[in-house]
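**Student:** here are the coordinates; sequence isn't available:
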């Protein structure tokens, strides 16, 4: 059975899916019943689709083989950009910045990472199989905060829409094979502004 991902674009009113069948599909949920009438388009991908992210008219597709395709939803005939991830290991997750100026890629390596953006400041959090969640300032390439260690691997995490809460899924991801591990759990924690707000740059005083 192939795995699939689903996104809803409120801009064009379509449902977008990507799967391990190496295709991206756009669906019109307002159409009549039956696949032929609701499937708007099918777009082949270079490899299995692992992650999708959407902001405005921009859709980013991350696949196996470290491929990253960027589409304009108004013209899906071909990708606007074709890239290869600069990360050494397989892409795990892609997330667009809310203002559309960039994207966050996380990868599976020695640490399996998942990422989520904090929309108010453009910073982001990552979690790995070491059980730690870190908050980063991507523009300045600095870590802002590290939360206390969770019982086992971080399988997923996400900020609430208003940015006040962070949900963390602690679940062993079998990066070390089948072994005894802590039970799955979901933690909801309040977010303090000091944990996610970028620190102002300090410039040296000019010489007298």
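**Tutor:** Yep, that arrived. As the structure is a computational prediction, the values presented were derived from the model and not from experiment.
**Student:** give me the below-cutoff pLDDT ranges for the chain.
**Tutor:** Scanning the chain for pLDDT under 70 picks out 1-11, 31-37, 108-120, 202-208.
**Student:** show me where it has helices.
**Tutor:** Secondary structure of the chain, counting by DSSP state H: helices at 35-38, 193-196.
**Student:** show me what contacts residue 139?
**Tutor:** Contacts for residue 139 (C-beta atoms under 8 Å, 6 or more residues apart in numbering) come out as 122, 198. Every residue, glycine included, has its C-beta placed from N, CA and C.
**Student:** tell me the spacing between it and residue 41.
**Tutor:** From residue 139 across to residue 41, the span is 35 Å (C-beta to C-beta, to the nearest Å).
**Student:** do residue 184 as well
**Tutor:** In terms of C-beta to C-beta, residue 184 sits 37 Å off from residue 41.
**Student:** cool, residue 124 as well?
**Tutor:** For residue 124, the distance to residue 41 - C-beta to C-beta - is 31 Å.
**Student:** those two: who's more crowded?
**Tutor:** residue 124 (22 against 13; other C-beta atoms under 10 Å).
**Student:** and the more buried one, bridged to which residues?
**Tutor:** Under DSSP bridges, the beta-bridge partners of residue 124 are residue 117, residue 136.
**Student:** distance-wise, check it relative to residue 166.
**Tutor:** 11 Å.
**Student:** what's the answer for residue 12, then?
**Tutor:** Taking C-beta to C-beta, one finds residue 12 at 30 Å from residue 166.
**Student:** okay, these two: which has more neighbours?
**Tutor:** Legend: neighbour count by other C-beta under 10 Å for residue 12 and residue 166, higher for residue 166 (23 against 15).
**Student:** my guess is that one meets residue 150, correct?
**Tutor:** No: if you go by C-beta atoms under 8 Å, residue 166 and residue 150 don't touch, sitting 11.7 Å apart.
**Student:** which neighbours do the two share?
**Tutor:** residue 133.
**Student:** return the set of residues that bridge with residue 190.
**Tutor:** Here residue 190, judged by DSSP bridges, has bridge partners residue 165.
**Student:** what is the burial count for it?
**Tutor:** 8.
**Student:** how near is it to residue 95?
**Tutor:** 22 Å.
**Student:** one more: residue 178?
**Tutor:** 30 Å.
**Student:** quick one, which of these two is more surrounded?
**Tutor:** Counted by other C-beta under 10 Å, residue 178 and residue 95 do not tie: residue 95 has more neighbours, with 23 against 7.
**Student:** quick check: that one touching residue 104?
**Tutor:** Yes: when contacts are counted by C-beta under 8 Å, residue 95 is listed as touching residue 104 (4.5 Å).
**Student:** ok, now which ones touch the nearest residue to residue 187 once chain neighbours are set aside?
**Tutor:** The shortest distance from residue 187 to any non-neighbouring residue, by C-beta to C-beta, 6 or more residues apart in numbering, is to residue 168 (4.6 Å). Applying C-beta under 8 Å, 6+ apart to residue 168 gives the contacts 127, 133, 150, 154, 157, 186, 187, 188, 189.
**Student:** one more time with 7 Å, if that's ok
**Tutor:** Counting by C-beta atoms under 7 Å, 6 or more residues apart in numbering, residue 168 touches 127, 133, 150, 154, 157, 187.
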